[in-house]
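[1] using only what follows, build the 3D model:
(one chain, ligands or ions: 1)
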Amino acid sequence: MHADLLLHPTWILPVDPADSCLVEHSLAIADGRILALLPSGQAREQIQAERVLDLPGHVLIPGLVNAHTHAAMTLMRGLADDLPLMTWLNDHIWPAERRWVDPDFVLAGTRLAVLEMLRGGVTCFNDMYFFPAVTAQAVAEAGQRAVVGMIVLDFPSRFAESAEDYVALGLQMHDRYRDHPLIRVAFAPHSPYAVSDGPLTRVRTLADELEVPIHVHLHETQDEIVQSLQAHGERPFARLDRLGLVGPGLVAIHMTQLEDDEIARLAEAGGHVVHCPESNLKLASGFCPVARLLEAGVNVAIGTDGAASNNDLNLLGEMRTAALLAKGVARSASAVPAAAALRMATLSGARAFGLDEEIGSLEPGKAADVVAVDLGDSHTQPIYSPVSQLVYAAGRHQVRHVWVAGRQLIRDGQPLTLDAASIIAEARLWAERIAAGEGRMLGRG
Ligand SMILES: [Zn+2]
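    Predicted structure coming up:
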């Protein structure tokens, strides 16, 4: 058998079948896809590879899927911290966005995010932001994979004048990236409180026609529920259900406020949840009942949310927080074991966006989105269980190599398709501009 690349790690965590850990196995890649996983002795005999990489002490995992972020918001990292959601949004983030967010901002911010995520083993992310075609451009030029959101809001921005305008601009991007191998699109109405019934219904109709998911912030805080009861006489989830948005295409972000009947309805409809534990903790939004959702059979993925509310795009760390928080919330140490957390950060994220046939696990035939993590570091020694070390002890500096569709994007921790120095310089220029405009002091260094 001929392969382009043959990897010999010490362990492979394929994610599917669940809980399996292959020892002394190798992974072969050909034409951007996983050709085979087989015992290393057999691989060395049977596979002629263009390139062979020995990875002693490394574990191979599927590329991580960051199921919810606002990539360009890296440029607002640390701009406004330690505030409740509505104060943070209304008094800080939305005014700053109205003033600063243009295509150049989105390009610079997304490049910084892509660099951070790739170096942390994130091979695919789902994004919601203004100027999504610019986001797609930054992702495509880096060779990463993304689901880019067709954002919809009632209020105007520099990107669009009206809800109708947002939809029209989103559809243009959809057409432009229709056949791109790495870019998919989804509808991204911001939230029930920022989008009225008319545009939500239009989004539902178009999503059905185009067969794309709808991803939306939902039940993020108790406040959101109270406001909806006052304005509409119903909870936001009930409102979306009435408008026909609750179905297998629904990807609900946050879901910290959930009644039993809502969990049952979501499970029955085949909807998905993206859990963003660190954003929820930082904004004191509440706790997503992850163990109860999983028990009910709901697919739960993990997202970092934007860098203005986290403040990093570190999915390895987010996976650990998700596993720990789930135990605290469920008052059960067996809630979300390490292997379940890894699954949520990979295959479940892929499934939420209909990509589980293509990515999310290391299986022959799937795209070769692969990450090698070096567990030889003192922080992760000794090793009884690779998955336990990965989830509970490893840091993202241990991500050594990253491939997307068989193309190596990170080698020895360094990017091959991005110029890190110029990306950082550009981000600093933006920070100087924003800090001067907002009358803020800028930290030096
Ligand atoms: Zn968000």
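
[2] tell me the mean pLDDT for stretch 301-321?
    Stretch 301-321 shows a mean pLDDT of 97.

[3] what does stretch 171-179 give?
    Mean pLDDT, stretch 171-179: 96.

[4] list the buried ones in that stretch?
    The neighbour-count check on stretch 171-179 (16 or more other CB atoms under 10 Å) flags 173-174, 177 as buried. C-beta coordinates here come from the backbone N, C-alpha and C atoms, glycine included.

[5] could you dump the residues you listed into a markdown table and include secondary structure?
    Supplementary listing: the buried residues of stretch 171-179 in a markdown table, determined by DSSP: H, G, I helix; E, B strand; the rest coil:
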| residue | secondary structure |
| --- | --- |
| 173 | helix |
| 174 | helix |
| 177 | coil |
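
[6] what number of residues lie near the closest residue to residue 303 other than its chain neighbours?
    For residue 303, ignoring the flanking residues on the chain, the nearest one in space by CB to CB, 6 or more residues apart in numbering is residue 68 at 2.9 Å. Counted with other CB atoms under 10 Å, residues neighbouring residue 68 total 29.

[7] hang on, residue 68 packs against residue 216?
    No. Assessed by CB atoms under 8 Å, residue 68 is found out of contact with residue 216, at 10.2 Å.

[8] three-state assignment of the most centrally placed residue in the chain?
    Residue closest to the average C-alpha location in the chain (CA atoms, centre = their mean): residue 66, at 1.6 Å. Here residue 66 is strand, with the state taken from three-state DSSP.

[9] right, and it touches residue 117 too?
    Yes. With contact defined as CB under 8 Å, residue 66 and residue 117 form a contacting pair (6.2 Å).

[10] in the lowest-mean-pLDDT helix or strand in the chain, what counts as buried?
    When the helices and strands of the chain are compared on mean pLDDT, DSSP states H and E, helix 85-87 comes out lowest with a mean of 87. Buried positions in helix 85-87, judged by neighbour count with 16+ other CB under 10 Å: residue 85.

[11] residues in contact with that helix?
    220-221, 223, 283, 285 (CB atoms under 8 Å, 6 or more residues apart in numbering).

[12] so the closest residue in space to residue 191 that isn't next to it in sequence is in which element?
    In space, and not counting its chain neighbours, residue 191 is closest to residue 217: 4.0 Å by CB to CB, 6+ apart. Element membership for residue 217, per DSSP states H and E: strand 214-218.

[13] immediately after that strand, which helix or strand?
    Later in the chain than strand 214-218, the nearest helix or strand by DSSP H and E is helix 222-232.

[14] distance from the chain centre to the very next helix or strand once past that following helix, please.
    Counting by DSSP H and E, the element after helix 222-232 in chain order, helix or strand, is helix 236-242. Chain-centre distance of helix 236-242: 24 Å, with CA atoms, centre = their mean, to the nearest Å.

[15] same thing with stretch 194-211?
    The answer for stretch 194-211 is 23 Å, by CA atoms, centre = their mean.

[16] average pLDDT for it, rounded please.
    98.
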